[in-house]
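A.B. asks: following is a predicted model, sequence given first.
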Amino acid sequence: MFVADIGGTNIRFARLTGLSSSLRDITYLKCRDYTRIEDAFLTFRKKVGYDGQLDAVSIAVAAPVKDDLVEFTNNHWTFSKSALLAELGTKRLLVLNDFTAQALAQSDPTANGNLPVIAGVPTPNAPLLIIGPGTGLGVSALLSTSVGMQPLEGEGGHVSFAPRSEAEQALYGFIRRAQGYVSAEHMVSGGGLENIYRFLIRDKPDEPEMSAPKIGAAAVAEAGPCRDAAVMMLNILGTVIANNVLTIGAWGGVVLAGGIVSQLAPLIDKSQLAARIQKIGKESHLTTSLPVWLSVDPNAGLRGAQAGLSNALLKGREVHA
């Protein structure tokens, strides 16, 4: 069995010897290095030396997955599930949204090295929100049911951006002039961090253009426009979290996923992230005790893709040879 977690930038592969086995031969690749998803799988096959028929393949992808044709949101790939099933030579193929997989990996948010960010008390059996900026902004939730863990799927990164300060109002206008529709993902993602930084240096011609990884590294290292951009993004993330918690009723808590928040973790206390979650007007009593954890496991998406193969509620999603 193979499992994969594929975002807009990175590919993670692993091999399984059984549905409950540990991940083996974990391999990281870059999307930009491959013309097709099938070519990336071929590289992994060669690495592990496996040419036979696969019992099952589960893929977590940064894309909507309702239809046979899957088009990635933030990279150049498209594929047909039925065609991929045939080309991979597998009996079963499960394709999940990448944040559905992140959700399935969080059946116990206190496990797998998750770090507490905001102390609180989860409401038993309430939905758990899983959210995180990467190349895009992923949003999902997890609900415990009598027949297993039910992931709640959507595209919450593409909801409208909701400013909560004058500076954010100005940021909204700055992005709207370039983009038209302004989504939460335009602010809370790698590209979003670049957008905010570009906004903050708009009147400072001596400041250089920078990529999100460099902005993040500089933000942690020292005060300046990069740190200001990172803190502003964390503030906005707090608003996005609060809106999703209220919409879903995610009183079970929040897990922050994705590499960007992990990189910026030292700045969380310098931001309004906690205040934005806990202070939401007359309904603040609903979120003042909401626990928040940070996922630091880079292979959570692989674990979630693995969990999907044994999830009874997802059997109808599988494509079979």
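C.D. replies: Great, that's in hand. Numbering: from 1, shown residues only.

A.B. asks: domains of the chain?
C.D. replies: For the chain, automatic domain parsing gives the domain ranges 2-97+302-320, 106-296.

A.B. asks: state the mean pLDDT of the longest one.
C.D. replies: Read that as domain 106-296. On average, the pLDDT along domain 106-296 is 94.

A.B. asks: pull out the buried positions in stretch 85-105.
C.D. replies: Of all the residues in stretch 85-105, those buried under the rule 16 or more other Cβ atoms under 10 Å are 85, 88, 90-105. Glycine gets a C-beta too; all of them are placed from N, C-alpha and C.

A.B. asks: so which of those residues are in strands?
C.D. replies: Secondary structure from DSSP state E places 92-97 of the buried residues of stretch 85-105 in strands.

A.B. asks: for residue 33, state which of these is nearest.
C.D. replies: Proximity of those to residue 33 was ranked by Cβ to Cβ; the top entry is residue 95 with 21.3 Å.

A.B. asks: for residue 290, see how far away the closest one is.
C.D. replies: Spatial separation of residue 95 from residue 290 under the definition Cβ to Cβ, to the nearest Å is 32 Å.

A.B. asks: now swap in residue 199 and tell me
C.D. replies: From residue 199 over to residue 290 the distance is 29 Å, taken as Cβ to Cβ.

A.B. asks: ok, these two, which is more surrounded?
C.D. replies: Each of residue 199 and residue 290 has its neighbours counted (other Cβ atoms under 10 Å); residue 290 has more, 24 against 20.

A.B. asks: so that one is in which element?
C.D. replies: Assigned by DSSP states H and E, residue 290 belongs to neither a helix nor a strand.

A.B. asks: what is the burial count for the closest residue to it other than its chain neighbours?
C.D. replies: Spatial nearest neighbour of residue 290, excluding adjacent residues (Cβ to Cβ, 6 or more residues apart in numbering): residue 120 at 5.0 Å. Counted with other Cβ under 10 Å, the burial measure for residue 120 works out to 19 neighbours.

A.B. asks: and if you look at the one 4 residues further on?
C.D. replies: Counted by other Cβ under 10 Å, the residues lying close to residue 124 total 8.

A.B. asks: check contacts around the spatially closest residue to residue 69 that is not a sequence neighbour.
C.D. replies: In space, not counting the residues next to it along the chain, residue 69 is nearest to residue 80; the distance is 5.6 Å by Cβ to Cβ, 6+ apart. The neighbourhood of residue 80, defined by Cβ atoms under 8 Å, 6 or more residues apart in numbering, consists of 68-70.

A.B. asks: quickly note the distance from residue 80 to residue 309.
C.D. replies: With distances defined as Cβ to Cβ, the gap from residue 80 to residue 309 amounts to 20 Å.

A.B. asks: pretty sure residue 82 sits against residue 67.
C.D. replies: No. Under the criterion of Cβ atoms under 8 Å, residue 82 makes no contact with residue 67, lying 10.9 Å away.

A.B. asks: okay, those two: which has more neighbours?
C.D. replies: When residue 82 and residue 67 are compared on other Cβ under 10 Å, the one with more neighbours turns out to be residue 82, at 13 against 9.

A.B. asks: which strands and helices lie in contact with the strand or helix carrying that one?
C.D. replies: Counting by DSSP H and E, the secondary-structure element that holds residue 82 is helix 81-88. Applying 3 or more Cβ pairs under 8 Å, 6 or more residues apart in numbering; DSSP states H and E, one finds that helix 81-88 makes contact with helix 37-48, strand 92-97, strand 319-320.

A.B. asks: for residue 215, find the nearest of the ones you listed.
C.D. replies: Using Cβ to Cβ as the criterion, the shortest distance between residue 215 and these is 26.9 Å, found for strand 92-97.

A.B. asks: can you confirm residue 241 is in a helix?
C.D. replies: Yes. Judged by DSSP: H, G, I helix; E, B strand; the rest coil, residue 241 forms part of a helix.

A.B. asks: now the strands for the stretch 151-300 of the chain?
C.D. replies: 254-256, 292-294 (DSSP state E, counting those that start in this stretch).

A.B. asks: pick the most buried one from these.
C.D. replies: For the strands of the stretch 151-300 of the chain, average neighbour numbers computed from mean count of other Cβ atoms under 10 Å are highest in strand 254-256, which has a mean of 26.

A.B. asks: what pairs with it, parallel or antiparallel?
C.D. replies: Partners of strand 254-256 in the sheet, by DSSP bridges, are strand 128-133 (parallel), strand 292-294 (parallel).

A.B. asks: now find how far off-centre the first one is within its chain.
C.D. replies: Using Cα atoms, centre = their mean, to the nearest Å, the distance from the centre of strand 128-133 to the centre of the chain it belongs to is 7 Å.

A.B. asks: much appreciated, bye for now.
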